[in-house]
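Q: return atomic coordinates for the entry below.
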Amino acid sequence: MIRKIRSTDSAVILNVINDAAQVYKGAIPPDCWKEPYMTSKELEKELERGVEFYGWFEGDVLAAVMGIQPVKDVTLIRHAYVLTSHQRRGLGEKLLNHLVGLAKTQEIYVETWTAARWAVQFYQKNGFELIPKEGRSKLRRYWTVSDRHAESSVC
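A: Numbers count the residues shown, from 1 in each chain. Next comes the predicted model:
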């Protein structure tokens, strides 16, 4: 079942993000990796910036999270993670389709690490296209990321 996650449930959001993000260890630039991958303070900032999180629940277990954020004239899909133990079941696709349906703009963007080929393929399989020439400028316009993060990402 998909439902909006309250900001007071930050501990369960972080649990999913930090579990699923382990796959990036060794794949993304070492200077971009840290543990935990997302801290409670970083999550708090994302919530303050307007990211709304939705989750796939199996009973009482939050198995997947994904955020949506209106920014200027577009909608961003943010922080898409599925618990390691629940991957390869289509939960990410169900959440993505749900959030695309909630978008209030026609332009919807996602950002992920270039080295995370599995993530790039996931978004492409679900109808998103890489923006090779404009990607960096869109990252700068719509996301708040470091220069190093931007140069290591695709949009």
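
Q: gap between the two ends of stretch 147-155?
A: With Cα to Cα, to the nearest Å as the measure, the first residue of stretch 147-155 is 14 Å from its last.

Q: report the secondary structure state of the nearest residue to M38 once chain neighbours are set aside.
A: Nearest-residue entry for M38: I17, 4.9 Å, with adjacent residues in sequence omitted and distances by Cβ to Cβ, 6 or more residues apart in numbering. Bear in mind the C-beta positions are built from the backbone N, C-alpha and C, glycine included. Counting by DSSP: H, G, I helix; E, B strand; the rest coil, the backbone at I17 sits in helix.

Q: next, count neighbours for I17.
A: 21 (other Cβ atoms under 10 Å).

Q: report pLDDT for it.
A: On pLDDT, I17 comes in at 98.

Q: and it, how far is that from K104?
A: For I17, the distance to K104 equals 25 Å [Cβ to Cβ, to the nearest Å].

Q: G59 now?
A: Going from G59 to K104 by Cβ to Cβ gives 31 Å.

Q: helices of the protein, start to end?
A: Defined through DSSP state H, the helices belonging to the chain, from first to last, are 10-20, 40-48, 91-102, 117-125, 135-142, 147-151.

Q: can you redo the ones you listed as a markdown table with distance to G26?
A: Converted to a markdown table, these look like this (distance: least, Cβ to Cβ, whole Å):
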| stretch | distance to G26 |
| --- | --- |
| helix 10-20 | 15 |
| helix 40-48 | 21 |
| helix 91-102 | 21 |
| helix 117-125 | 13 |
| helix 135-142 | 23 |
| helix 147-151 | 17 |
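
Q: lowest-pLDDT helix or strand in the chain?
A: Confidence across the helices and strands of the chain bottoms out at helix 135-142, with a mean of 76, counting by mean pLDDT, DSSP states H and E.

Q: and that one, C-alpha only, in PDB?
A: Taking Å, rounded to 0.1, in the frame of the first residue of the first chain, the C-alpha atoms of helix 135-142 are listed here in PDB:
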ATOM      1  CA  GLY A 135      21.600  17.900 -17.600                       C
ATOM      2  CA  ARG A 136      24.300  19.900 -15.600                       C
ATOM      3  CA  SER A 137      22.500  23.200 -16.000                       C
ATOM      4  CA  LYS A 138      19.200  21.600 -14.900                       C
ATOM      5  CA  LEU A 139      21.000  20.100 -11.900                       C
ATOM      6  CA  ARG A 140      22.200  23.600 -11.000                       C
ATOM      7  CA  ARG A 141      18.800  25.100 -11.500                       C
ATOM      8  CA  TYR A 142      16.600  22.700  -9.600                       C
END
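
Q: right, I'll call it a day here.
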